[in-house]
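Enquirer: Here is my input; please provide its structure:
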Amino acid sequence: QVQLVESGGGLVQPGGSLRLSCAASGRTFSSYAMGWFRQAPGKEREFVAAISTSGSTILYAEPVKGRFTISRDNAKNTVYLQMNSLKPEDTAVYYCAAGLTSPRLRVGLSDYWGQGTQVTVSS
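Expert: Below you'll find the model as predicted:
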């Protein structure tokens with residue numbers, strides 16, 4: 001069993017930055033690929049980024065490439081999402097997820113989900 005708790009969301013102006021964190025419980029964090037998803041009001045949840053167990057494989061959705069960076073610290077059981085050059089269309093609830101592999105996360109096949117953290121980009 002893995003429990004995921006996101007933090008770091010908030011209100012930011014367009015062009016600003018935020019760093020989301022996802023802390024995982026349990027001793028098996030390093031065995032899971034980790035990912036971030038988001039869901040905007042009235043829309044389906046969509047993939048944002050994923051990172052493999054070792055960090056050697058990283059996947060991004062096209063809308064965030066070049067602006068967002070996913071990373072992980074297996075010693076701290078934590079995965080991060082650094083978000084730069086934020087746009088109003090990035091406004092959403094951001095969810096952390098754990099799965100077997102990055103490609104499986106890419107298509108939404110997650111074993112565990114966090115509760116989400118709100119990110120609002122507005123002037």
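
Enquirer: list the contacts for the most centrally placed residue in the chain?
Expert: Against the mean C-alpha coordinate of the chain, by C-alpha atoms, centre = their mean, the closest residue is Trp36 at 2.3 Å. For Trp36, the contacting residues are Leu20, Cys22, Val48, Ala49, Ala50, Ile70, Val79, Leu81, Tyr94, Tyr95, Cys96, Ala97, by C-beta atoms under 8 Å, 6 or more residues apart in numbering. Where you see a C-beta, it was placed from the backbone N, CA and C, and this is true even at glycine.

Enquirer: Relative to Gly116, which of those is nearest.
Expert: Ranked by distance to Gly116 (C-beta to C-beta), the contacts of Trp36 are led by Tyr95 at 4.7 Å.

Enquirer: In which helix or strand does that closest one reside?
Expert: Secondary structure from DSSP states H and E places Tyr95 in strand 92-99.
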